[in-house]
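Trainee: Pasting a predicted model and its sequence here:
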Amino acid sequence: MKKLEDYNAGYYITVNDYKSFIPSSINEEWIWNDSELNTLLSKASLELGKLNGYACQIPNIDSFIQMHVKVEANKSSRIEGTRTTIDEDLSDILDINPEKRDDWQEVKNYVATINYGFERIKDIPISTRLIKELHSILMKNVRGEYKNPGEFRKSQNWIGGTKPSNALYVPPIHSEISNCISDLEKFLNNDKIKNPELVKIAIIHYQFEAIHPFLDGNGRTGRILIPLYLMSRGLIDKPYFYISDYIEQNKNAYYDFLNRVRTNNDMLAWIKFFLEATIETAKNARIKFERVLNFTNEINQIILELPVRTENVMKVINILYQEPIMNRKMLQEKSELKNTALKSVINALLEKGIIIETTGYSRNQIFSFEKYINLFKD
């Protein structure tokens, strides 16, 4: 056993005109005397349990989770510099300004990566193999596609500055990645270690970002691993926990606490920050799901009063829960309603303000389930 108070982050090696940081091994059972960490851990576990219990009671939760995933994709990608809004990310690529289509694709890839990961962990543990698979999907057909998607780097990367010699941080030299990742993978799957899973994933996240094993996409990959790990360990039943929103709102603090591990050996402070992020994220997710549940109950009541067939309206509404911005052609294809039936449904929904038309055109119209989208924005 090792004490977090005695944690040593690693050491530097000189490579040409710069120094590369080699993180120390984390595959240990960690103990601590810090009472504040225990208090935060208790609160975080309680809030995560409340979220899990509440979400399990919501009918058709999978439809709402997909919207939750899309908002997470937007937030996580914005941390890395993408500029699309949530509404743009929900739209068809042909309706996006060409200058933002690369950003749009990066967000789409993030959604695909999350969904792939949650299916994949049903069959295999989180491992080097899975991490590479996730990265390959994340970087497909986007700006980093020429930076060896799905493969650990074979050259030096750095953070900040124009080159390693003036960078803010230089991760391990590529020849050390295999050893670092092997240690991380052992810690991920070491069932002999009885540390609380939230403490483990906090350490795992720091270590992954410190290793920075890919030439690009490390931040997004590292954030995707958090809910994957929690779900694989049974702390959440479905993919509805994401801390990117909290990180985006506290971006400077996030990077400062990660850096303090390396510069001050202060793993305790980083874990506390992570637990605070967990508490707020779990609370906010539960509030959002409460809003969604109340909203769907209101919508269901309104639908019963509309002068059109309830069955047809429900077809359209259920589609919009999953894809809340759609044009008329897409709605018709997915609902399989005849043109006259769909027109009646759309007119009824517009009349009640349940959806809005965003183009102002009489043709090629685009409809937005705006009130539903706004539930996830706040």
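Mentor: Noted; the coordinates are in hand.

Trainee: Any chance you could list what contacts stretch 220-227?
Mentor: Here stretch 220-227 makes contact (C-beta atoms under 8 Å, 6 or more residues apart in numbering) with 76-77, 80, 110, 113-114, 117-118, 126, 131, 134-135, 138, 201, 204-205, 208-209, 214, 236, 239-244, 247. Yep, even glycine has a C-beta here, placed from its N, CA and C like the rest.

Trainee: any idea where the helices of the stretch 51-200 of the chain begin and end?
Mentor: Using DSSP state H, counting those that start in this stretch, the helices of the stretch 51-200 of the chain run over 61-79, 86-89, 101-120, 128-138, 177-188, 197-211.

Trainee: Could you pull out the buried residues of the fourth one?
Mentor: Under the neighbour-count criterion of 16 or more other C-beta atoms under 10 Å, helix 128-138 has 130-138 buried.

Trainee: Of the residues you listed, which pair is most distant in space?
Mentor: Using C-beta to C-beta, these span at most 12.4 Å, a distance reached by Leu130 and Leu138.

Trainee: shaky segments in the stretch 51-200 of the chain?
Mentor: 144-145 (pLDDT under 70).

Trainee: go with 90
Mentor: Confidence mapping of the stretch 51-200 of the chain against pLDDT under 90 gives the ranges 52-107, 141-148.

Trainee: go on, the stretch 251-378 of the chain?
Mentor: Checking the stretch 251-378 of the chain against pLDDT under 90 turns up 288-289, 291-293, 322, 328-329, 359-365, 375-378.

Trainee: in it, which spans are helices?
Mentor: Under DSSP H, counting those that start in this stretch, the stretch 251-378 of the chain gives helices at 251-264, 267-305, 310-322, 328-335, 339-351, 370-377.

Trainee: Quick one, which of those helices gets closest to Pro149.
Mentor: helix 251-264 (24.1 Å).

Trainee: what's that closest one in contact with?
Mentor: With C-beta under 8 Å, 6+ apart, helix 251-264 has contacts from 7, 9-10, 21, 23, 79, 169, 206, 209-210, 247, 266-267, 269-270, 273.

Trainee: Pull out the buried members of those residues.
Mentor: For these, buried by 16+ other C-beta under 10 Å: 7, 9-10, 21, 23, 79, 169, 206, 209-210, 247, 266-267, 270, 273.

Trainee: Out of the residues you listed, flag the one nearest to Asn179.
Mentor: Checking those one by one against Asn179 (C-beta to C-beta), the nearest turns out to be Pro23, at 10.0 Å.

Trainee: any idea how far Gln156 is from Ala167?
Mentor: Distance, Ala167 to Gln156, by C-beta to C-beta, to the nearest Å: 9 Å.

Trainee: Gly234 should be in a strand, yeah?
Mentor: No - counting by DSSP: H, G, I helix; E, B strand; the rest coil, Gly234 is not found in a strand; it is coil.

Trainee: Report the separation between it and Leu48.
Mentor: Taken as C-beta to C-beta, the span from Gly234 to Leu48 is 11 Å.

Trainee: more neighbours, those two?
Mentor: Neighbours were counted for Gly234 and for Leu48 using other C-beta atoms under 10 Å; Leu48 has more, 23 against 9.

Trainee: my guess is Ile79 meets Asp245, correct?
Mentor: No - using C-beta atoms under 8 Å, Ile79 is not in contact with Asp245; the gap is 9.8 Å.

Trainee: got a list of what the closest residue to Leu188 other than its chain neighbours touches?
Mentor: Residue nearest to Leu188 in three dimensions, not counting chain neighbours: Ile126, with 5.4 Å by C-beta to C-beta, 6 or more residues apart in numbering. Contact analysis of Ile126 by C-beta under 8 Å, 6+ apart lists 188-189, 225, 228-229, 232.

Trainee: go with 7 Å
Mentor: By C-beta atoms under 7 Å, 6 or more residues apart in numbering, Ile126 lies in contact with 188, 225, 228-229, 232.

Trainee: how close does the residue nearest to Asn318 when sequence neighbours are not counted sit to Glu88?
Mentor: With sequence-adjacent residues excluded and distances taken as C-beta to C-beta, 6+ apart, Asn318 is closest to Ser63, at 7.0 Å. Between Ser63 and Glu88 the computed distance is 21 Å (C-beta to C-beta).

Trainee: And those two? Which one has more around it.
Mentor: Neighbour totals were compared for Ser63 and Glu88, and Glu88 leads with 19 against 16 (other C-beta under 10 Å).

Trainee: The more buried one contacts Arg101, correct?
Mentor: No - applying C-beta atoms under 7 Å as the test, Glu88 and Arg101 come out as separate, 9.8 Å apart.

Trainee: mind giving me the domain split of the protein?
Mentor: 2-288, 307-377 (automatic domain parsing).

Trainee: among the ones you listed, which is the most enclosed?
Mentor: Across the domains of the chain, the average number of neighbours (mean count of other C-beta atoms under 10 Å) peaks for domain 2-288, which reaches a mean of 18.

Trainee: How far away from the center of its chain is that one?
Mentor: 8 Å (C-alpha atoms, centre = their mean, to the nearest Å).

Trainee: Quick check: end-to-end length of it?
Mentor: Its start and end residues considered, domain 2-288 measures 39 Å (C-alpha to C-alpha, to the nearest Å).

Trainee: now stretch 77-85
Mentor: With C-alpha to C-alpha as the measure, stretch 77-85 spans 11 Å from end to end.
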